[in-house]
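Q: here is the input, now give the coordinates:
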Amino acid sequence: MTTAADHPELELRARTPGVAAMRVEDLNGRTAMVVRIDSSRRKGALAPIDGETLAEAARTALDQRLPLVMFMASSGADAHEGVAALHGWGRAARVLTRCSGAVPLIFIIDGPTVSGSALLLGLGDVIIMTADAYAFVSGADAVRRLTGVLVDNAELGGAQMHAAASGVATLVVADLDEAESTAAEILSFLPDHTDLLPPLQPTSDPVDRPTPEAAALIPAEPTGSYDVREVAAEILDDGYFLELRSQWAPNLVTLLGSLGGRSIGVVANQPLALAGTLDITASQKGARFVAFCDAFNLPLLTMVDTPGFYPGKDLEWRGMIRHGAQLAFAYARATVPRLGLVLRKSYGGAYIVMDSKTMGNDLCLAWPSAEIAVMGARQAAEILRRRAEPSEREEFVLEYEDRYLNPWVGAERGLIDMVVDPAETRKVLCEALDLLASKREELPERRHDNTPL
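A: As a prediction, this is how the structure comes out:
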């Protein structure tokens, strides 16, 4: 029996009128279902037939188990078609939702994408925007009429805004050619669908390569900052990774890379931004990435260096509890191999939600420099010795640091599996991935979980 994947340049619904076209294409060696919107016709306005084409493309991708890549540049539902155009968009949204977690869904935005078509972007796994593209639900005129605020398209929904402020844009690239090559690169880390393992990555990097430089990147001062991406580069194959959502919530880093040729997702606190603390956007970013990796069978490496959650009245009012729970929820239900590595600080509730042993990770490593505790020494002194003399407080701080701010207490209690020499980190992680390659977990029988939003 032949499938659409057997014909990598197959055009479907070729005689159907409208601005949307669907075909099976080869993207740098990966076969994918591709949808392209012709924005030169009616500004890409989606008629009812276009909604049907989008829905059919998503349905075919799901049936044939192919990644779905959608090139979007549309002014939204065609106003000349009335409510029928909205129904077409609704049908597309419904089938795209069925694709979620089953096949990779990538949107490439190369022009204006507004109104209902913009909402479709929120359903995608990866959103790639070209530098001059923009997307919003309500345009600048509507904003001016309803709020009196004057704003242009770039400020309201430009690529840079979505990369840094809203988090909609996973990556921003220069032009359409770069967008296509980036989409293909992302697909190179992913399987065609959720029932397959990710493809192996070509590498000649020895799995037992020593990594002493990784620990040398961490300052001796407990409050010193460093770029955790440099640590990741020392550990990952060939020092290479692809960073997703680099400008949004920069206090948490999310990377695609490989270890021993196995595709892997990396979540890491970034001391260069907000001292690596967790806030609302970082929790959302991490939760979304963890769920993405879990859906497509990418093992997770979590690199921890955080003093805790970022404090503030504004964050609490905006729902820090709900959003912080998103990260814990995503890790707790993930069934892929999960490796943890505590680099330095790991305090309080942030220690738990950064995939601690208690959350069910498979291997929890710590460097000798790790500080695993409820809180830092001086914070503990302010609470436990608040009425003491300054000299007594200093004595308490030194005692607390010596007794608690190390990985050995956690190791004695089984919360840390191994205190590893930083030079041996890559070797141990690669061996762990090999050991966990056959990991399988049974999912609980229920209609669906109730994700904190």
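Q: so Gly167 makes contact with Trp248?
A: Yes - between Gly167 and Trp248 there is a contact under CB atoms under 8 Å: 4.0 Å. No exception for glycine: its C-beta is placed from N, CA and C like everyone else's.
Q: shared neighbours of the two, which are they?
A: Shared contacts of Gly167 and Trp248, defined by CB atoms under 8 Å, 6 or more residues apart in numbering, comprise 281, 285.
Q: tell me if Leu339 really is in a strand.
A: Yes - assessed by DSSP: H, G, I helix; E, B strand; the rest coil, Leu339 belongs to a strand.
Q: so Gly167 and Trp248 - more neighbours on which side?
A: Comparing Gly167 with Trp248 by other CB atoms under 10 Å, the one with more neighbours is Trp248, at 21 against 17.
Q: give the contact list for that one.
A: 163-167, 169, 281, 285.
Q: cutoff 7 Å now
A: Neighbouring residues of Trp248 by CB atoms under 7 Å, 6 or more residues apart in numbering: 163-164, 167, 281, 285.
Q: just put those in TSV and tack on distance to Glu213 and pLDDT.
A: Formatted as TSV, the contacts of Trp248 follow (distance: CB to CB, whole Å; pLDDT from 0 to 100):
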residue	distance to Glu213	pLDDT
Ala163	30	97
Ala164	31	97
Gly167	32	96
Thr281	31	97
Lys285	27	98
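Q: could the residues you listed go into TSV alongside secondary structure and distance to Ala32?
A: Putting the contacts of Trp248 into TSV (DSSP: H, G, I helix; E, B strand; the rest coil; distance: CB to CB, whole Å) gives the following:
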residue	secondary structure	distance to Ala32
Ala163	helix	24
Ala164	helix	29
Gly167	coil	24
Thr281	helix	30
Lys285	helix	26
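Q: which one of the residues you listed sits closest to Val83?
A: When these are ranked by distance to Val83 (CB to CB), Gly167 comes first, at 31.5 Å.
Q: wait, the closest one touches Arg245, no?
A: Yes - counting by CB atoms under 7 Å, Gly167 touches Arg245, with 6.1 Å between them.
Q: identify the contacts common to the two.
A: With CB under 7 Å, 6+ apart, Gly167 and Arg245 have common neighbours Lys285.
Q: Asp227 is in contact with Met303, correct?
A: No - using CB under 7 Å as the test, Met303 is too far from Asp227 to be in contact (11.9 Å).
Q: let's test this: mean pLDDT of stretch 200-207, rounded?
A: Stretch 200-207 comes out with an average pLDDT of 96.
Q: who's in contact with that stretch?
A: 237-238, 258, 260-263, 427, 430.
Q: nearest residue to Gly44 in space, please, no chain neighbours.
A: With CB to CB, 6 or more residues apart in numbering as the measure, Ser74 is the residue that lies nearest to Gly44, at 3.7 Å, once sequence neighbours are left out.
Q: okay, the contacts of Trp248 in a markdown table with distance to Leu315 next?
A: Output for those, formatted as a markdown table (distance: CB to CB, whole Å):
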| residue | distance to Leu315 |
| --- | --- |
| Ala163 | 22 |
| Ala164 | 18 |
| Gly167 | 16 |
| Thr281 | 10 |
| Lys285 | 15 |
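Q: pull out the buried members of these.
A: Buried subset of the contacts of Trp248 (neighbour count, 16 or more other CB atoms under 10 Å): 163-164, 167, 281, 285.
Q: okay, Met303 and Asp227: which has more neighbours?
A: Met303 (26 against 13).
Q: how much space is there between that one and Glu185?
A: 22 Å (CB to CB, to the nearest Å).
Q: just the closest of the buried ones among the contacts of Trp248 to Arg144, please.
A: So of the buried ones among the contacts of Trp248, ranked by how close each gets to Arg144 (CB to CB), first place is Ala164, at 23.2 Å.
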